[in-house]
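Chemist: fold the following, please.
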Amino acid sequence: MNTVWLLAALVSPVEASAPALEAKSVEAVIRSGMRFEGTPYRFGADVESSDAVDCSSLVLKAFKSVGLVLPRIAWRQALVGQLIGADQLRRGDRLYFKLTDRPVPIDHTALYLGDGLMLHAWPATGVAVVPFADFRDWFRYARR
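Modeler: Residues are numbered from 1 along each chain as shown. Here you go, the predicted structure:
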């Protein structure tokens, strides 16, 4: 059985769907995420704090700003919304990656900003805008 589908069975119906964002909401999500640029990275960061974030708390906070609640962990966020391939990316799409040998199907997430750029939280840089191409080899899929 495909690992992602096996994990999908663990997600509640509320988490299994997310409405598409209107253009103005996409821009609000991106503005919210960009407010964290320069914020330090801390794995497992408290979502109620703005002192530090990890990749999934950054994405969670950006979407919460427009009233959409995502799961706390990247691999669970990766199960929510419409599946998108790299050739269909639009501003505000959530990007999902497999970077490590941790026993989860997805271990990193970011916000696609358009023009080949993404916003993510990374141990070495904190929250930063970087080229999507730098992480393309580890990209698995996106969600909208």
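Chemist: what packs against the helix ranked longest in the chain?
Modeler: If you go by DSSP state H, the chain has its longest helix at helix 23-34. With contacts defined as 3 or more CB pairs under 8 Å, 6 or more residues apart in numbering; DSSP states H and E, helix 23-34 has these neighbours: helix 55-64, strand 108-114, strand 117-122. For glycine as for every other residue, the C-beta is placed from the backbone atoms N, C-alpha and C.
Chemist: quick one: buried residues of it?
Modeler: For helix 23-34, the neighbour count (16 or more other CB atoms under 10 Å) marks 25-26, 28-30, 32-33 as buried.
Chemist: please identify the deepest-packed of the helices and strands packed on helix 23-34.
Modeler: When the helices and strands packed on helix 23-34 are scored by mean count of other CB atoms under 10 Å, the highest mean neighbour count falls to helix 55-64 (a mean of 24).
Chemist: list the contacts of that helix.
Modeler: Contacts with helix 55-64, where a contact means CB atoms under 8 Å, 6 or more residues apart in numbering, come from 29-30, 32-33, 36, 39, 45-47, 53, 69-74, 77, 94, 108-111, 119-122, 127.
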